[in-house]
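Asker: sequence-free structure coming up:
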Ligand code: PLP
């Protein structure tokens with residue numbers, strides 16, 4: 001007899017959107033939802049045990065990126081860290097200049113912060129990327145002005161996975177009086193990162209992308225960096241981020257960072273093996289498609305493919321009916337089908353921009369799951385193409 005209440009097996013390939021909480025992270029958090037409930041600002045026993053837990057987490061996060069613990073500030077998300085990086089740096093350093101450089105393919109938390117800063121009188125240059133999604137470093141060099149105070153270039157793109165030339169940018173900015181921020185939300189835990197070796201001044205981390213809980217992030221801020229808070233209050237986090245600390249969340253991020261550090265090498269191997277298998281399997285069985293993003297220089301686990309003559313949203317929904325979770329770059333609104341601004345900046349043809357699917361593989365995916373996707377996808381694409389008025393059926 002079949003169990004009617006059994007949950008259908010889901011194949012989760014949307015790990016760039018979020019990841020499941022690691023069981024060891026869950027175990028680490030639970031005591032802080034039960035007995036260890038103190039406020040870290042309190043000087044009594046309960047407060048101090050919570051404070052110690054935060055300081056342990058700070059060490060764990062610092063170790064993951066080669067920083068020292070006092071360079072880590074906990075925030076409420078990757079989005080908040082990016083807001084703090086941009087707004088905090090420019091407001092503190094505006095006496096030196098009013099120019100910021102970023103790229104056209106940043107996450108919205110950077111792009112919309114930059115847009116808001118423009119309304120406040122700051123000048124922003126948005127760098128181009130090439131067809132693989134790599135930032136133009138020569139353009140960056142040309143765009144530097146005496147008034148430039150901050151360069152913000154993401155470590156790896158969330159949609160197409162392309163890794164940016166962070167080392168070269170850090171090297172170039174090293175001797176200049178310009179802060180270098182990188183949004184490393186998609187890179188942390190998938191690429192070895194050492195802020196010292198890469199000459200990074202400020203770096204964004206989000207917990208839920210590395211098997212930690214949602215609603216907690218961190219910002220690495222190199223010692224000596226001049227930065228203002230954007231949230232004012234009781235002065236927690238060395239006055240940089242007021243508000244009673246999210247102790248369970250911070251403990252979870254710390255544990256997730258520790259696991260990410262300990263398993264980095266094996267995780268990279270696992271993700272690369274599964275991505276290659278998926279990419280090869282899809283290209284072997286489906287015609288008229290392209291891989292988006294840099295063919296080699298990409299974060300392990302990201303496979304972004306555009307299928308000609310289909311809408312990404314239809315593919316995503318059909319896969320969902322089969323229990324396979326992925327995401328698409330195109331967002332359907334009632335009035336228009338908006339293609340991804342990232343693919344647009346990469347100069348993709350319209351026919352490819354609409355049919356993009358991002359498979360983002362995670363630690364907990366298996367070869368068997370990838371085999372199922374390779375078996376399921378060709379029929380979905382074939383059926384959708386059969387309905388397409390622009391697909392030449394002959
Ligand atoms: N930056 C990048 C590159 C991201 O992919 C994301 C989330 O998708 C964020 C920032 C925002 O992180 P959070 O969801 O923690 O606000």
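Answerer: Here it is on my side, so go on. In this text the structure is predicted, and so the values were computed from the model without any measurement.
Asker: So for residue 42, what's the nearest residue that isn't a sequence neighbour?
Answerer: Nearest residue to residue 42 in three dimensions, chain neighbours excluded: residue 48, at 7.5 Å (CB to CB, 6 or more residues apart in numbering). All C-beta atoms are positioned from the backbone trio N, CA, C, and that covers glycine.
Asker: neighbours around residue 104, how many?
Answerer: 16 (other CB atoms under 10 Å).
Asker: Also residue 278?
Answerer: 24.
Asker: Would you map the helices across the protein?
Answerer: 23-33, 45-64, 78-93, 108-119, 137-143, 166-173, 247-262, 264-285, 312-321, 341-345, 350-353, 367-387 (DSSP state H).
Asker: which stretch among those comes nearest residue 191?
Answerer: Of all the helices of the chain, helix 264-285 sits nearest to residue 191, with 7.7 Å by CB to CB.
Asker: Report all helices and strands that that closest one contacts.
Answerer: Judged by 3 or more CB pairs under 8 Å, 6 or more residues apart in numbering; DSSP states H and E, the packing partners of helix 264-285 are strand 289-292, strand 302-307, helix 367-387.
Asker: Give the burial count for the nearest residue to residue 170 once chain neighbours are set aside, as a bare number.
Answerer: Of all residues not flanking residue 170 in the chain, residue 199 sits nearest, at 3.3 Å (CB to CB, 6+ apart). By other CB under 10 Å, 17 other residues sit near residue 199.
Asker: now do residue 57
Answerer: 30.
Asker: State the distance from it to the ligand.
Answerer: Distance of residue 57 to the ligand, given as CB to the nearest ligand atom, to the nearest Å: 16 Å.
Asker: Could you pull up the residues touching that residue?
Answerer: Contacts for residue 57 (CB atoms under 8 Å, 6 or more residues apart in numbering) come out as 74, 250-251, 253-255, 257.
Asker: Excluding chain neighbours, give the residue nearest to residue 37 in space.
Answerer: In this structure, residue 37 finds its nearest non-sequential neighbour in residue 46, 7.0 Å apart by CB to CB, 6+ apart.
Asker: Revised request: answer the last question for residue 216.
Answerer: Closest to residue 216 by CB to CB, 6+ apart is residue 249, at 3.5 Å.
Asker: what residues are up against the one you found?
Answerer: Contacts of residue 249 by CB under 8 Å, 6+ apart are 29, 207, 212-213, 215-216.
Asker: again, but for residue 82
Answerer: Residue 82 makes contact with 107, 109-110, 113, 183, 204, according to CB under 8 Å, 6+ apart.
Asker: How much space separates it from residue 244?
Answerer: Per CB to CB, to the nearest Å, residue 82 is found 22 Å from residue 244.
Asker: Ok, residue 269 next?
Answerer: 40 Å.
Asker: what about residue 42, neighbour count?
Answerer: Using other CB under 10 Å, residue 42 has 12 neighbouring residues.
Asker: repeat for residue 288
Answerer: Residue 288: 15 neighbours (other CB under 10 Å).
Asker: can you pull the contacts of the closest residue to it other than its chain neighbours?
Answerer: Excluding the flanking residues, the one nearest residue 288 by CB to CB, 6+ apart is residue 308, at 4.2 Å. By CB under 8 Å, 6+ apart, residue 308 lies in contact with 288-289, 351-352, 355.
Asker: out of those residues, which is most surrounded?
Answerer: Ranked by the number of neighbours (other CB under 10 Å), these place residue 355 first, at 28 neighbours.
Asker: ok, now which ones touch it?
Answerer: Residue 355 is in contact with 306-312, 315, 330, counting by CB under 8 Å, 6+ apart.
Asker: Make a markdown table out of those residues and add pLDDT and distance to residue 18.
Answerer: Converted to a markdown table, the contacts of residue 355 look like this (pLDDT from 0 to 100; distance: CB to CB, whole Å):
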| residue | pLDDT | distance to residue 18 |
| --- | --- | --- |
| 306 | 96 | 23 |
| 307 | 96 | 24 |
| 308 | 94 | 29 |
| 309 | 93 | 30 |
| 310 | 94 | 25 |
| 311 | 92 | 24 |
| 312 | 93 | 19 |
| 315 | 96 | 20 |
| 330 | 58 | 20 |
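Asker: Export the residues you listed to CSV and append columns for distance to the ligand.
Answerer: CSV is the format used below for these (distance: CB to the nearest ligand atom, whole Å):
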residue, distance to the ligand
306, 20
307, 23
308, 26
309, 28
310, 24
311, 22
312, 17
315, 20
330, 17
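Asker: Show me which of those residues is closest to residue 187.
Answerer: residue 306 (23.0 Å).
Asker: what's the distance between the closest one and residue 160?
Answerer: 10 Å.
Asker: Residue 246 reaches residue 214, doesn't it?
Answerer: No - look at residue 246 against residue 214 with CB atoms under 8 Å: they stay out of range, at 10.4 Å.
Asker: who has more neighbours, these two?
Answerer: Each of residue 246 and residue 214 has its neighbours counted (other CB under 10 Å); residue 246 has more, 19 against 16.
Asker: mind listing what that one touches?
Answerer: Shown in contact with residue 246 (CB under 8 Å, 6+ apart): 74, 76, 215-216.
Asker: how about a cut-off of 7 Å?
Answerer: Counting by CB atoms under 7 Å, 6 or more residues apart in numbering, residue 246 touches 215-216.
Asker: Roughly how far does it sit from the ligand?
Answerer: 12 Å.
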